[in-house]
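> Starting from these lines, generate the structure:
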Amino acid sequence: MTDFSTSPASTAPVAPDRTPRRVRHDLRFRRLSVKTVQRVTPHLIRVTLTGDDLAGFTSLGFDDHAKIFFPDAAGKLTLPTAGPDGPVWPDGRPTMRDYTPRRYDAAAGTLEIDFALHEAGPATQWAEQAKPGDILGVGGPRGSFIVPTEFDWHLLIGDDTALPAISRRLAELPAGTRVVVLAEVDGEADELPFDTKAELTLKWVHRRGAEPGLSPVLLDGLKSMQLPAGDFHAWVGCESAIAKALRTHLVGERGANPKWTRASGYWRRGAAATHDSHDE
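Residues are numbered from 1 along each chain as shown. Next comes the predicted model:
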């Protein structure tokens with residue numbers, strides 16, 4: 001007979017939990033005002049919002065998306081109410097776009113939104129003219145996609161529109177986490193400093209005046225990179241066709257696990273207000 005009470009405990013290592021999870025949030029719409037406007041680079045404007053409506057704001061995922069509502073030409077801002085099946089509009093819908101909440105400071109009551117400027121659309125026009133006291137609407141995020149950090153290393157790839165998500169992920173990764181970033185901007189003046197405690201390997205690639213969404217520099221840059229060994233999570237955010245090509249290369253040529261590879265088309269050439277997912 002075996003005396004199980006004296007048997008040694010198992011010493012087999014416990015596999016890390018690498019399963020992403022989705023969290024839903026109550027849908028809320030907030031009327032906020034501009035506190036500060038900062039031209040961070042030639043093609044990036046940071047707008048800090050504030051207001052009593054910010055209370056209870058929740059964003060748990062580094063690539064969350066909030067819906068930004070812009071006032072009309074007369075300065076009127078129309079916001080919906082939250083119904084059981086989604087937004088309920090009182091009348092016509094305003095111009096709206098998806099943006100990543102770069103940083104929310106509950107104590108200060110502020111929310112930072114970064115606007116990448118590479119088209120003459122309504123969002124760019126608003127950001128370039130924004131000043132303290134202006135009004136903006138924010139809806140959501142309706143949910144968060146939380147990616148675990150228990151990988152041997154992390155890969156983040158994106159163009160200007162993905163810099164807020166990349167900045168946020170780098171700020172949130174635990175100290176000592178190994179991370180590789182490949183980022184596309186127009187030139188050296190558009191490069192950002194990143195605040196992180198992670199062990200960062202950073203590679204910038206430049207369009208040099210080429211039209212955004214047409215330059216091959218991200219894919220060429222990835223093909224030329226020597227990536228670390230080990231299990232990794234890959235995250236991609238950029239123009240939709242380029243995001244799809246990057247994911248295809250990562251999974252087909254670089255050994256990326258499809259379940260650990262998240263690729264999003266943050267925008268699509270020739271279309272407005274799009275967000276494509278190229279995950280399985």
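> Now do residue 276, the pLDDT please.
Confidence per residue is given as pLDDT, and for residue 276 that number is 73.
> Which residues are in contact with it?
Shown in contact with residue 276 (Cβ atoms under 8 Å, 6 or more residues apart in numbering): 240, 243, 244, 264, 265, 268. For every residue, glycine as well, the C-beta is placed using N, CA and C.
> any idea how far residue 194 lies from residue 164?
Counting by Cβ to Cβ, to the nearest Å, the gap from residue 194 to residue 164 is 11 Å.
> Tell me which of these two has more neighbours.
In this view residue 194 and residue 164 are compared by other Cβ atoms under 10 Å, and residue 164 has more residues nearby, 26 against 17.
> what's the lowest-pLDDT member of the contacts of residue 276?
The member of the contacts of residue 276 with the lowest pLDDT is residue 268, at 88.
> circling back: a markdown table for the contacts of residue 276, including neighbour count?
Conversion of the contacts of residue 276 to a markdown table gives the following (neighbours: other Cβ atoms under 10 Å):
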| residue | neighbour count |
| --- | --- |
| 240 | 21 |
| 243 | 27 |
| 244 | 17 |
| 264 | 24 |
| 265 | 22 |
| 268 | 16 |
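> so of those residues, which ones are in helices?
Using DSSP state H, the members of those that fall in helices are 240, 243, 244.
> Can you pull out the low-pLDDT segments for this structure?
Filtered on pLDDT under 70, the chain yields the residue ranges 1-14, 119-120, 270, 272-273, 280.
> hey, which strand is longest across it?
With secondary structure taken from DSSP state E, the chain has its longest strand at strand 29-41.
> Mind listing residues that contact the helix or strand that comes right after that strand?
The helix or strand immediately downstream of strand 29-41 is strand 44-50, counting by DSSP states H and E. With contacts defined as Cβ under 8 Å, 6+ apart, strand 44-50 is touched by 32-40, 102, 109-117, 127-128, 130, 136, 138, 160, 163, 190, 192.
> quick check, distance from the helix or strand following strand 44-50 to the centre of its chain.
Scanning forward in sequence from strand 44-50, with DSSP H and E defining helices and strands, the next element found is strand 66-69. Its chain's C-alpha centre and that of strand 66-69 lie 14 Å apart, by Cα atoms, centre = their mean, to the nearest Å.
> who does strand 66-69 touch, helix- and strand-wise?
If contacts are counted by 3 or more Cβ pairs under 8 Å, 6 or more residues apart in numbering; DSSP states H and E, strand 66-69 sits against strand 96-99, strand 135-139.
> looking at these, which is buried most?
Comparing those by mean neighbour count (mean count of other Cβ atoms under 10 Å), strand 135-139 comes out on top with a mean of 21.
> If we ignore the residues flanking it in sequence, what's nearest residue 174?
When the adjacent residues along the chain are set aside, residue 174 lies closest to residue 149, with 5.9 Å between them (Cβ to Cβ, 6 or more residues apart in numbering).
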